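> Can you look at this prediction? I've put the sequence above it.
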Amino acid sequence: TELLRTRREASLSLSLTEEGGHRRWLDVCVAMVGDGAGGIGHAAAEFRDVTESRGYRQQLEHQANYDLLTGLPNRNLLMDRMRLALQRCQRDDGPVFVLWVDLDRFQLINDTLGRYVADQVLLTVTARLSALGCATVARAESDEFVLIADAATSERAVASLATRIQRAIAAPMQLDGHELTVTASIGIAVAPGDGRLADALLRNASVAMYRAKEAGPGSFCFYAGEMNAHAVPRLRLEAGLRKAIERDQLFLMYQPKIDLLSGRMSGAEALLRWRHPELGLVSPAEFIPLAEESGLILPIGAWVLERACAQIRQWLDDGVDCGSVAANVSPVQFFRGDLVGQITALLRKYRLAPRHLMIEITESTLVRDTERAVVVMRQLKALGIKLAIDDFGTGYSSLGALKRFPIDYLKIDRSFVTDLTAAACDDAIAEAILALARGLGLRVVAEGVETPEAWDALAGLQCDEAQGFYLGRPMTASALAGWLRELGPRFVPT
């Protein structure tokens, strides 16, 4: 009718469903053709099949707004949803709660078990979060999700939701032959109090999430204004850590280990330290977890092994025999890095015998994947490297698993040594570990020996070796060499 009235062209889109159910889209252009006498003779139409190009356009739009792995809204679409939620908040004078969910130590899963298992974890978490009934569940970063809980009306209700999220995520996952338990840290921000703009609200929820992480895995935290002042140093610390190796800010200290029977120094432990140009000495308890979360632990761990081997070579060239030097290896290095190849190359490069190097692995590392741990340990043993389980007594490994590990040393965690003479329970634990080690043909090193009473108690229990402030604080390589020359071959407690 419009064409007859205006005698102009018209365009329209048609959707046709074929017999097999496939939908086809057509762009149609219709024009009226005159009859030569001022009237309309006939109409001409052009049909163009745009099914493929339309599908391509829709695909591009979907990719621009949805995460390819999980199918969840991505940050683009999340921002649109946030703006709509905030408009409703302003119109209805009600709160909007935003929950920023971060999977704890996800980088470790990715680095140790591989990308396939890590992706399966993300898909499982996606399904569990989507089942909770929130208006929006989006993937903000690789292992971070954002939920908009605009139906919640109180902090109590959203705290209950956070607890449900954590329980849902923490349910065991059976993935590719691995049973995994994943925890999540959650930060919560509420509009309008914590921000009236989408960017501000998301940023504050993220800041609250980092504060939750500091409280320990599986925690949640509401945003408070003073948190921003706390978040900035953490970001600065991570940025500084990325530059620490190239700017020569990392260094090693060495703490001696003493044989209780002979009184001689049996070796030393290489301990990583970081001297920040502005912050001074940064505690390993602060920067090691940061390195593991950020993926920096691999280059840092490789640097530690290289520096330790170079120092052993220097000592030997100077006529100083410090026994075996122990280097700590992170779970990421142990499972993901080419640890065996790296150590083989370092022994060759610095002309070291395998007895000069010891590798320490925490008990918690080994219980992550016992089968793979045994394979790597056997490869290291084939090189002649001595192996020690560090912090023994804190990782809940079974005795059956312990028998399978081709280790040489158990290191009793300092928590059992500090109050050795005061707590009968700690005495009993230390005695049980020593009996277990003797039964398996292992030597035992006690950490954290800080008093003569602890030394005497360990000697009475026939512990093999000890280290701690009472015997020698961590010191530089030159200081350790001087310490050895000053004390002579035998350490005599005073």
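Sure, I can see it.
> contacting residues for the closest residue to residue 412 other than its chain neighbours?
Distance criterion C-beta to C-beta, 6 or more residues apart in numbering; nearest residue to residue 412, sequence neighbours excluded, is residue 446 at 4.8 Å. All C-beta spots, glycine's among them, are computed from the backbone N, C-alpha and C. Residue 446 makes contact with 411, 412, 417, 430, 454, 458, 463, 465, 466, 467, 468 under the criterion C-beta atoms under 8 Å, 6 or more residues apart in numbering.
> What about those, which are in helices?
Secondary structure defined by DSSP state H assigns 417, 430, 454, 458 of the contacts of residue 446 to helices.
> could you dump those residues to TSV with distance to residue 354 and neighbour count?
Output for these, formatted as TSV (distance: C-beta to C-beta, whole Å; neighbours: other C-beta atoms under 10 Å):
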residue	distance to residue 354	neighbour count
417	29	25
430	30	23
454	32	22
458	28	24
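> Between all of the residues you listed, which two are at the greatest distance?
Spatially, the most separated pair among the ones in helices among the contacts of residue 446 is 430 and 454, at 9.9 Å (C-beta to C-beta).
> residue boundaries of the strands in the stretch 151-300 of the chain?
Along the stretch 151-300 of the chain, counting by DSSP state E, counting those that start in this stretch, strands occupy 173-175, 178-180, 184-191, 220-222, 250-259, 265-276, 280-282.
> Any idea which of the ones you listed gets closest to residue 145?
Counting by C-beta to C-beta, residue 145 lies closest to strand 184-191 out of those; the figure is 8.5 Å.
> in its sheet, what does that closest one sit against?
Applying DSSP bridges, strand 184-191 is found paired with strand 96-103 (antiparallel), strand 220-222 (parallel).
> and the last one, how far from the chain's centre?
In this case it means strand 220-222. Remark: strand 220-222 is offset 20 Å from the chain centroid, using C-alpha atoms, centre = their mean, to the nearest Å.
> got any ranges where the stretch 301-450 of the chain has weak pLDDT?
Applying pLDDT under 70 to the stretch 301-450 of the chain flags the ranges 337, 393-401, 419-427.
> ok, 90 please
321-322, 330-338, 362-374, 390-405, 410-440, 448, 450 (pLDDT under 90).
> Likewise for the stretch 101-250 of the chain?
104-115, 133-135, 141-142, 149-160, 175-181, 190-200, 203-204, 206-208, 210-219, 221-248.
> Kindly recompute the last result at 70.
225-235.
> what about the helices in it?
106-113, 115-130, 155-170, 198-215, 227-244 (DSSP state H, counting those that start in this stretch).
> tell me the most buried of the strands of the stretch 151-300 of the chain?
For those, the largest average neighbour count (mean count of other C-beta atoms under 10 Å) is found in strand 184-191, namely a mean of 26.
> Report the distance from it to the chain centre.
Here the centre of strand 184-191 is set off from its chain's centre by 19 Å, with C-alpha atoms, centre = their mean.
> any idea where the helices of the stretch 351-494 of the chain begin and end?
363-368, 370-383, 399-404, 414-417, 424-440, 452-460, 477-487.
> With respect to residue 154, which of these lies nearest?
helix 363-368 (38.6 Å).
> Buried by neighbour count: which residues of the closest one qualify?
Neighbour counts over helix 363-368 (16 or more other C-beta atoms under 10 Å) mark 363, 365, 366, 368 as buried.
> OK, contacts around the last one?
With contact set as C-beta under 8 Å, 6+ apart, residue 368 has these partners: 112, 331, 335.
> Please repeat the previous calculation with a cut-off of 10 Å.
If a contact means C-beta atoms under 10 Å, 6 or more residues apart in numbering, then residue 368 has 108, 109, 112, 113, 178, 180, 331, 334, 335, 362, 395 as its contacts.
> The third one and residue 336 touch, don't they?
Translated: residue 112. Yes. Using C-beta atoms under 10 Å, residue 112 is in contact with residue 336, at 5.6 Å.
> Neighbour count for those two, which is higher?
Each of residue 112 and residue 336 has its neighbours counted (other C-beta atoms under 10 Å); residue 112 has more, 22 against 17.
> Roughly how far does residue 96 sit from residue 85?
From residue 96 over to residue 85 the distance is 5 Å, taken as C-beta to C-beta, to the nearest Å.
> typo on my end, it should be residue 335
41 Å.
> go on, residue 46?
45 Å.
> Of the two, which one has the most company?
Counted by other C-beta under 10 Å, residue 46 and residue 85 do not tie: residue 85 has more neighbours, with 21 against 12.
> List the residues that contact the more buried one.
Going by C-beta under 10 Å, 6+ apart, residue 85 touches 96, 97, 98, 135, 136, 148, 149, 150, 191, 198, 201.
> Where does it sit: helix, strand or coil?
helix (DSSP: H, G, I helix; E, B strand; the rest coil).
> Same question for residue 313.
Following three-state DSSP, residue 313 is assigned to helix.
> Quick check: chain neighbours aside, which residue is closest to it?
residue 350 (4.1 Å).
> What's the local residue count around that neighbour?
If you count neighbours by other C-beta under 10 Å, residue 350 ends up with 18.
> give me phi/psi at it?
Dihedral pair for residue 350: phi -100, psi 10, per degrees, to the nearest 10.
> Pull up the gap between it and residue 315, please.
Counting by C-beta to C-beta, the separation of residue 350 from residue 315 is 11 Å.
> any shared contact partners between these two?
Common contacts of residue 350 and residue 315 (C-beta under 10 Å, 6+ apart): residue 356.
> need the contact list for residue 372.
Going by C-beta under 10 Å, 6+ apart, residue 372 touches 112, 113, 178, 334, 335, 366.
> Switch those over to TSV; also include distance to residue 90.
Formatted as TSV, the contacts of residue 372 follow (distance: C-beta to C-beta, whole Å):
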residue	distance to residue 90
112	46
113	45
178	47
334	52
335	50
366	54
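> Tell me which two in these are the farthest apart.
Between all members of those, the farthest pair (by C-beta to C-beta) comes out as 178 and 334, at 15.9 Å.
> one step back: which one of the contacts of residue 446 is nearest residue 248?
Nearest member of these to residue 248, counting by C-beta to C-beta, is residue 467, at 27.2 Å.
> ok, now which ones touch the closest one?
Contacts for residue 467 were tallied using C-beta under 10 Å, 6+ apart; they are 255-258, 265-269, 326, 411, 414, 417, 445-449, 474.
> cool, residue 90 as well?
Residue 90 neighbours (C-beta under 10 Å, 6+ apart): 96, 191, 192, 196.
> cool, residue 148 as well?
Residue 148 sits in contact with 73, 78, 81-82, 84-86, 96-99, 134-138, 191, 201, where contact means C-beta under 10 Å, 6+ apart.
> Which positions within stretch 444-457 qualify as buried?
Neighbour-count burial for stretch 444-457 flags 444, 445, 446, 447, 448, 449, 451, 454, 455, 457 (criterion: 16+ other C-beta under 10 Å).
> What is the most widely separated pair among those?
444 and 451 (18.6 Å).
> on that earlier part again, include distance to residue 402 when you put the helices of the stretch 101-250 of the chain into JSON lines, please.
Output for the helices of the stretch 101-250 of the chain, formatted as JSON lines (distance: least, C-beta to C-beta, whole Å):
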{"stretch": "helix 106-113", "distance to residue 402": "20"}
{"stretch": "helix 115-130", "distance to residue 402": "25"}
{"stretch": "helix 155-170", "distance to residue 402": "27"}
{"stretch": "helix 198-215", "distance to residue 402": "31"}
{"stretch": "helix 227-244", "distance to residue 402": "34"}
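> measure the closest residue to residue 272 other than its chain neighbours to residue 361 for me?
What sits nearest to residue 272 in space, not counting adjacent residues and going by C-beta to C-beta, 6+ apart, is residue 304, at 5.6 Å. Residue 304 sits 14 Å away from residue 361, going by C-beta to C-beta.
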